[in-house]
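Q: Output the structure for:
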Amino acid sequence: MSGLVAGVFPPGLWPLSLKLFVMSVVKINAITVPTDSGDELARRFAARAGAVDNQDGFEGFELLKPADERTTWLVVTRWRDEESFQAWLSSPSFGHGHRTAAERSGDEHAGGAAAKPVGMHSELWSYETAGGSVAQPAELTLPADSHRRAGPVSACPRWRRRRGPAGSTAG
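A: From the prediction side, this is the model:
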């Protein structure tokens, strides 16, 4: 979506509540890891951060760490539709991203040991958005001289989010 949405919101800043009317496909990969291996799982995901961001139909990703005694981590991804998710599964970037670092660099053929999988068990869950709510976004205000700036308004470093009493702002 380009330009202003309904003449109010700059690109990328339209309220998430509008997305509730667009059905997303949610894929959750539930990965059970040994008690002492969660940090390694997080490290491996961090090493590939952003790898799927430009895939057509990809809407978002979260790695959820258990906050209790559980050992199942959740990899939550959102997709425009099932076809977008399936296209990613069939893509070379999926295959590349799900190989070990040693396999990606070819080290296993040079005598290097390939890293073992962290997960002991994995299960893929599929959901569609059926409803929900989001918090109201903060009111955005533009600096007084923003009409003189070239380029997208969202690139302006002086955007302010109004919070608290009227007139107070925080950057």
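
Q: For Ser91, which non-adjacent residue is spatially closest?
A: Nearest residue to Ser91 in three dimensions, chain neighbours excluded: Gln55, at 7.0 Å (C-beta to C-beta, 6 or more residues apart in numbering). C-beta coordinates here come from the backbone N, C-alpha and C atoms, glycine included.

Q: Can you get me a residue count around the one you found?
A: Residues within reach of Gln55, counting by other C-beta atoms under 10 Å, total 17.

Q: how about it, secondary structure?
A: coil (DSSP: H, G, I helix; E, B strand; the rest coil).

Q: One more: the one 5 residues further on?
A: Per three-state DSSP, the secondary structure class of Gly60 is strand.

Q: what about it, neighbour count?
A: Counted with other C-beta under 10 Å, Gly60 comes out at 13.

Q: Can you name the residues bridging to it?
A: Arg78 (DSSP bridges).

Q: what about Ala42, how many neighbours?
A: Ala42: 15 neighbours (other C-beta under 10 Å).

Q: Can you name the residues that contact Trp79?
A: In this structure, Trp79 makes contact with Ser24, Val25, Val26, Lys27, Gly57, Phe58, Glu59, Phe85, Trp88, judged by C-beta atoms under 8 Å, 6 or more residues apart in numbering.
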